[in-house]
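A.B. asks: Sequence and predicted structure below; questions after.
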Amino acid sequence: MTTTPLIELVVPVHDEERVLADSVERLCAHLRAFPYDVRVTIADNASTDRTHEVARRLAERHPQVHAVRLEQKGRGRALKAVWSTSEADVLAYCDVDLSTDLAALLPLVAPLLSGHSDVAIGTRLARGSRVVRGPRREVVSRCYNLLLHVALRTRVSDAQCGFKALRRDAAAVLLPQVRDDAWFFDTELLVLAEAAGMRIHEVPVDWVDDPDSRVELLPTAMADLRGVVRMSRRLGSFAAVGVVSTLAYVVLFWLLAGPLGSQGANLVALAVTAVANTAANRRLTFGVRGAAGRWRHQAQGLVAFVAGLALTSGTLGLLHLLADPSRLVETGVLLVASVAATLLRFGLFSRWIFPTAPHRAQPTHRTAASEVAA
């Protein structure tokens, strides 16, 4: 008779026939001395190689290993499928490359089993973590998490680390709400958990980058950005205002560059669009109505204007120092610099100018169990 495991540890895989057997053998060896009953479920999402065949052989060799096959691709889809039907008390997952040191597994699940926390995540960005990875992935990871803090106001330090766990009662609340079936699944799950007031425990991990990772960095980053925009009404509104402001800036610069010169046209175009941008975002993005604080907000908006001016003027000056560009090249380079200035303004608006503006509901500090009971 099969007993219900205390912990279900999912390993989502796609075209991993070369590394799957070695990783699962290492995982099983580690679990022999583990103090809790763990079932390892290999969730193959639409592999086109022999991954599922390898998974079935591992399941035959190890009683605690199970193999599941999904016909559609998506790490989030695989996790949702297994977790939604599991009867284990704690649901967890780790990446097949085992980049995270397995010594962190017990600290990950312990606060969930004790009832102290609802969700637990491994973090590579907290004090006490030891990480070995290339500079490109380091920069992308830190920029992405900074964007989450600004756009979605999440407090978790590392949303992307492939090492997470949650209680089954928390999963019952969260999984039906998660829309993403791919890599943004993790982030969406955590944002929803925070909004529900669930307690999230962070575990510093030792992590070594897998040089043979199957993750395509640029497509994944773009998909994550789309997910952030979808979850942040505020960011979407700011982006729309930013597009209009940027286009207006380009038109003004083009019209004024002749009579005023490049730097003069840049100054005037930025000043006009900065005032309009602050007024539009005050009302449309951050929901601030009435005259109270209007002039203070415009004065603070001037700081964002000065930052944008420094960025664009500096870029323009460097461009003229290196070459004698045409008007079209000038405009293109300034367009890129203006987009960067827009992102900087969003950070200043969210964290400084309108930090208490109305936004989505904040955590209420109710636990997952109380949500289910309600």
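C.D. replies: Okay, I see it.
A.B. asks: Doesn't His66 lie inside a strand?
C.D. replies: Yes. When DSSP: H, G, I helix; E, B strand; the rest coil is applied, His66 is found to be in a strand.
A.B. asks: Could you tell me how many residues sit around it?
C.D. replies: 19 (other CB atoms under 10 Å). For glycine as for every other residue, the C-beta is placed from the backbone atoms N, C-alpha and C.
A.B. asks: List every C-alpha atom in the helix or strand hosting Ala193, with coordinates, as CSV.
C.D. replies: According to DSSP states H and E, Ala193 maps onto helix 185-195. Taking Å, rounded to 0.1, in the frame of the first residue of the first chain, the C-alpha atoms of helix 185-195 are listed here in CSV:
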residue,chain,number,x,y,z
PHE,A,185,5.2,31.1,-13.1
ASP,A,186,7.6,31.5,-10.1
THR,A,187,7.3,35.3,-10.0
GLU,A,188,3.5,35.3,-10.4
LEU,A,189,3.2,32.7,-7.6
LEU,A,190,5.3,34.8,-5.2
VAL,A,191,3.5,38.1,-6.0
LEU,A,192,0.1,36.5,-5.4
ALA,A,193,1.4,34.9,-2.1
GLU,A,194,2.5,38.3,-0.9
ALA,A,195,-0.8,39.9,-1.9
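A.B. asks: Secondary structure class of Lys287, three-state.
C.D. replies: If you look again at residue 287, you'll see it is Gly, not Lys. coil.
A.B. asks: Give me the neighbour count for it.
C.D. replies: Neighbours around Gly287, by other CB under 10 Å: 14.
A.B. asks: Quickly note the distance from it to Asp169.
C.D. replies: 34 Å (CB to CB, to the nearest Å).
A.B. asks: now Leu252
C.D. replies: Using CB to CB, which is the criterion applied here, Leu252 is 56 Å from Asp169.
A.B. asks: Now do the contacts for Leu316.
C.D. replies: By CB atoms under 8 Å, 6 or more residues apart in numbering, the contact set of Leu316 is Ser262, Gln263, Asn266, Glu330, Val333, Leu334, Ala337.
A.B. asks: are any of the residues you listed buried, and which?
C.D. replies: Ser262, Asn266, Glu330, Val333, Leu334, Ala337 (16 or more other CB atoms under 10 Å).
A.B. asks: Does the fifth one belong to a helix, a strand or coil?
C.D. replies: Following three-state DSSP, we place Leu334 in the helix state.
A.B. asks: isn't it right up against Thr315?
C.D. replies: Yes. Contact criterion CB atoms under 8 Å: Leu334 and Thr315 qualify, at 6.8 Å.
A.B. asks: okay if I get the contacts of Leu316 as TSV plus secondary structure and pLDDT?
C.D. replies: Shown next, in TSV, are those (DSSP: H, G, I helix; E, B strand; the rest coil; pLDDT from 0 to 100):
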residue	secondary structure	pLDDT
Ser262	helix	87
Gln263	helix	86
Asn266	helix	85
Glu330	helix	78
Val333	helix	78
Leu334	helix	74
Ala337	helix	78
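A.B. asks: for those, which one is nearest His62?
C.D. replies: Ala337 (56.0 Å; CB to CB).
A.B. asks: Apart from its chain neighbours, what residue comes closest to the closest one?
C.D. replies: Closest residue to Ala337 apart from its sequence neighbours, by CB to CB, 6 or more residues apart in numbering: Thr315 at 4.1 Å.
A.B. asks: what do you get for Asp97?
C.D. replies: Asp210 (3.9 Å).
A.B. asks: So that neighbour, which state does it fall into?
C.D. replies: Following three-state DSSP, we place Asp210 in the coil state.
A.B. asks: State the distance from it to Thr100.
C.D. replies: Counting by CB to CB, the gap from Asp210 to Thr100 is 11 Å.
A.B. asks: Have a look at the two and say which one is more surrounded.
C.D. replies: For Asp210 and Thr100, the more surrounded residue by other CB under 10 Å is Thr100, and the numbers stand at 21 against 15.
A.B. asks: So that one is in contact with Val203, correct?
C.D. replies: No. Thr100 sits out of contact with Val203 when judged by CB under 8 Å, with a separation of 9.5 Å.
A.B. asks: Which residues are in contact with each of these two?
C.D. replies: Common contacts of Thr100 and Val203, defined by CB under 8 Å, 6+ apart, comprise Gly122, Phe163.
A.B. asks: for the helix or strand hosting Leu252, packing partners?
C.D. replies: Per DSSP H and E, Leu252 falls inside helix 233-280. Applying 3 or more CB pairs under 8 Å, 6 or more residues apart in numbering; DSSP states H and E, one finds that helix 233-280 contacts helix 217-231, helix 294-322, helix 327-348.
A.B. asks: change it to 10 Å
C.D. replies: Here helix 233-280 touches helix 135-151, helix 217-231, helix 294-322, helix 327-348, going by 3 or more CB pairs under 10 Å, 6 or more residues apart in numbering; DSSP states H and E.
A.B. asks: What score does His320 have for pLDDT?
C.D. replies: We note a pLDDT of 83 for His320 in this prediction.
A.B. asks: Leaving out sequence neighbours, find the closest residue to it.
C.D. replies: Leaving out its chain neighbours, the residue that sits closest to His320 by CB to CB, 6+ apart is Ser262, at 7.6 Å.
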